[in-house]
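Colleague: Have a look; sequence and predicted model below, questions after that.
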Amino acid sequence: EAGVAQSPRYKIIEKRQSVAFWCNPISGHATLYWYQQILGQGPKLLIQFQNNGVVDDSQLPKDRFSAERLKGVDSTLKIQPAKLEDSAVYLCASIPRWASGSPGELFFGEGSRLTVL
Amino acid sequence: AQSVSQHNHHVILSEAASLELGCNYSYGGTVNLFWYVQYPGQHLQLLLKYFSGDPLVKGIKGFEAEFIKSKFSFNLRKPSVQWSDTAEYFCAVNAPNSGYSTLTFGKGTMLLVSP
């Protein structure tokens, strides 16, 4: 079974530039998460999708971050304009449809490491 | 809101030493508890989980964790660590019956095992 795919693995940009990250969850996984992991901290939830609908985006900085999952499969997270403090690893995770109500094991991708200069 | 505290940010051990990583959470209701591990260059993966039942949970690679409700703790243990256990360990919690179904992670503990 293929895992959660993310790209790009690494991205370096200057502040005020824009960047986009892509995630393809495990086939059949209805729930998709984007987490931000700043160096020295644990992952922090940015947004949760159930199919193509947003379940929780309360911690997403909506003035600069946006995310979409138009067809309920893959997802894109965009940052525009980027700030220095956005330097982090952006993790995508998914869970099976049957676990949506009480997620246990999240299946994570390898992450996209963003450096903002 | 729930929160998770991991007591040690960095732990250095020699091979064969015993390991205990502390984890405390702040939510008073029913919780699910998890330990995730991230080996160098790899993605986060589940080490073990507690939903209910026996508070002593056994996971992969000889790890175990004990849920102590009265102490709001879920400490991770291993009797004898190996060099290959070098990784970052994250404790996580959710409280699905109270609207906190998403996982909240601790800051992580970096374990370095010297050969």
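Modeller: Looks like it arrived, so ask away. Numbering: from 1, shown residues only, chains lettered A, B, ... in the order given.

Colleague: neighbours around the residue of chain A found nearest chain B, how many?
Modeller: As assessed by Cβ to the nearest Cβ, chain B sits closest to A:Gly42 within chain A, at 3.4 Å. Where you see a C-beta, it was placed from the backbone N, CA and C, and this is true even at glycine. Using other Cβ atoms under 10 Å in any protein chain shown, A:Gly42 has 21 neighbouring residues.

Colleague: what about it, distance to B:His7?
Modeller: For A:Gly42, the distance to B:His7 equals 14 Å [Cβ to Cβ, to the nearest Å].

Colleague: One more: B:Cys91?
Modeller: 10 Å.

Colleague: When those two are compared, which one has more neighbours?
Modeller: In this comparison of B:Cys91 against B:His7, neighbours counted by other Cβ under 10 Å, the higher total goes to B:Cys91 at 30 against 15.

Colleague: Run through the bridge partners of the residue nearest to the more buried one when sequence neighbours are not counted.
Modeller: Across the structure, with Cβ to Cβ, 6 or more residues apart in numbering or on different chains as the measure, the residue nearest B:Cys91 apart from its sequence neighbours is B:Cys23 (3.5 Å). Residues found in beta-bridge contact with B:Cys23 (criterion: DSSP bridges) are B:Gln6.

Colleague: Kindly report the same for B:Ile12.
Modeller: Note on B:Ile12: beta-bridge partners by DSSP bridges are B:Leu112.

Colleague: My understanding was that it contacts B:Leu112; is that so?
Modeller: Yes - applying Cβ atoms under 8 Å as the test, B:Ile12 and B:Leu112 come out as touching, 4.9 Å apart.

Colleague: quick one on the thing from earlier: burial count for the residue nearest to B:Cys91?
Modeller: Neighbours of B:Cys23 under the rule other Cβ under 10 Å: 25.

Colleague: Just the strands from chain A, written as ranges.
Modeller: Using DSSP state E, the strands of chain A run over residues A:5-7, A:10-13, A:19-24, A:31-37, A:44-50, A:53-56, A:65-68, A:75-79, A:88-95, A:107-108, A:112-116.

Colleague: Does at least one residue of the fifth one sit close to chain B?
Modeller: It stands for strand A:44-50. Yes - contact of strand A:44-50 with chain B is found when judged by Cβ under 8 Å from any Cβ of the partner chain, involving A:44-45, A:48.
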